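Colleague: here is my input; please provide its structure:
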Amino acid sequence: MREVAGVDGSDSALEAVRWAAVDAEVHGRPLRLVCAVPRVPHLAGEGFDEAERPRWLTEAVSTARAAAGGVEVEQELRHGTPGEVLLDESHEAQRLVVGGRGLNEFTGVRMALGSTAELVAMRSRCPVVVVPETAGHERVRTGTVVVGVDGSRVGEPALAAAFEEASLRGVPLVAVHVWSDVAVDWFGSRSVDWDTVKGDEERVLAERLAGWEEQYPDVEVDRVVARDRPVRFLVECGERAQLLVVGSRGRGGMTGMLIGSTSRALLHHAPCPVLVVRADLP
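Modeller: Next up, the predicted model:
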């Protein structure tokens, strides 16, 4: 199966293409670059130039080949909105890669994470990587892989992906379990034996990792248990990482919620690429 990266003419998309090319090389699969063209061009407003889209693709292909010369690269110009095109691509993709910021298809104005990246992360039929502009080339091949572990079985697909990534990249895996709870911190901190709680949470993490460590004996695992807010702590860990892996829903996630609050916040704030692995995929 192939890796798919979205192209929209933004610097953020080119950063995502660079990352996707290296990732495709690591996994030994082809890279497909996809650019969307509105079905009704005249609705795009004054200044819209459909000829720009092929130029964006040409530039993206050159960028991908410069980042990973051995990767097979194909390009496709498709009609539709970026979100619907990429979601359609996700049915046959191994992974979707998008930039953390993009261009509004009608105005050409740079947009913060929201429309396309978050939609794809929520609805994609395959894992999604959101690449921030601050990803940093020096960490692409050298940083650790970090995985957020919430202690539930819902997070097993994310753990599986994280161990595979660390193994393929030949880097350590940092397994992070953050055990603070706002309700306990504010209303019950004086009566809580935090040493006991920490010991319990360390056992939870060990139980979640046990089978995976046996399956991937080549992966060096650094277990981190911390009393903190999940987003804040994982963002700090991301400063030294080449990839942060999270599940789409965490402990306590509602059945109808395709992406949880922690994962959504990390898409906005993480300093490294974030791989979102949905728990409800076959």
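
Colleague: so who does V131 touch?
Modeller: S12, E15, A16, W19, A20, V97, V98, G99, G100, P273 (C-beta atoms under 8 Å, 6 or more residues apart in numbering). Placement of C-beta: from N, CA and C, glycine included.

Colleague: out of the residues you listed, which are inside strands?
Modeller: V97, V98, G99 (DSSP state E).

Colleague: looking at these, which is nearest V71?
Modeller: Of all those, V71 sits closest to V97, with 12.7 Å by C-beta to C-beta.

Colleague: can you verify my assumption that the closest one contacts R18?
Modeller: No - the pair V97 / R18 is not scored as a contact, 9.9 Å apart, by C-beta atoms under 8 Å.

Colleague: compare these two (neighbour count), which wins?
Modeller: V97 (29 against 22; other C-beta atoms under 10 Å).

Colleague: which ones are touching the more buried one?
Modeller: Neighbours of V97 in contact, by C-beta under 8 Å, 6+ apart: E3, V4, A5, G6, A16, V17, W19, A20, D23, V128, V129, V131.

Colleague: partners of the first one in the sheet?
Modeller: It stands for E3. L31, R95 (DSSP bridges).

Colleague: just give me the neighbour total for it.
Modeller: Neighbour tally, E3, other C-beta under 10 Å: 24.

Colleague: cool, the fourth one as well?
Modeller: Look at G6: counted by other C-beta under 10 Å, it has 27 neighbours.

Colleague: quick one: low-confidence parts of this structure?
Modeller: 40-51, 102-114, 135-141, 180-194, 249-259, 281-282 (pLDDT under 70).

Colleague: pull out the buried positions in stretch 65-76.
Modeller: A67, A68, V71, V73, Q75 (16 or more other C-beta atoms under 10 Å).

Colleague: same check, this time on stretch 24-44
Modeller: Neighbour-count burial for stretch 24-44 [16+ other C-beta under 10 Å]: 24-27, 29, 31-38, 44.

Colleague: let's see which of those residues end up in strands.
Modeller: Those of the buried residues of stretch 24-44 lying in strands (DSSP E): L31, R32, L33, V34, C35, A36, V37.

Colleague: okay if I get the contacts of V97 as JSON lines plus distance to A161?
Modeller: Shown next, in JSON lines, are those (distance: C-beta to C-beta, whole Å):
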{"residue": "E3", "distance to A161": "14"}
{"residue": "V4", "distance to A161": "17"}
{"residue": "A5", "distance to A161": "18"}
{"residue": "G6", "distance to A161": "20"}
{"residue": "A16", "distance to A161": "18"}
{"residue": "V17", "distance to A161": "21"}
{"residue": "W19", "distance to A161": "16"}
{"residue": "A20", "distance to A161": "16"}
{"residue": "D23", "distance to A161": "12"}
{"residue": "V128", "distance to A161": "11"}
{"residue": "V129", "distance to A161": "10"}
{"residue": "V131", "distance to A161": "16"}
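
Colleague: from those, which single one is nearest L168?
Modeller: D23 (9.4 Å).

Colleague: need the contact list for the residue lying closest to that closest one once chain neighbours are set aside.
Modeller: Closest residue to D23 apart from its sequence neighbours, by C-beta to C-beta, 6 or more residues apart in numbering: E3 at 6.4 Å. Residues counted as contacts of E3 (C-beta under 8 Å, 6+ apart) are 20, 23-24, 27, 29-32, 93-97.

Colleague: now swap in G151 and tell me
Modeller: H177, E201, V204, L205, R208, R251.

Colleague: switch the cut-off to 6 Å
Modeller: Applying C-beta atoms under 6 Å, 6 or more residues apart in numbering to G151 gives the contacts V204.

Colleague: which SS state does it fall under?
Modeller: The three-state assignment at G151 reads coil, by DSSP: H, G, I helix; E, B strand; the rest coil.
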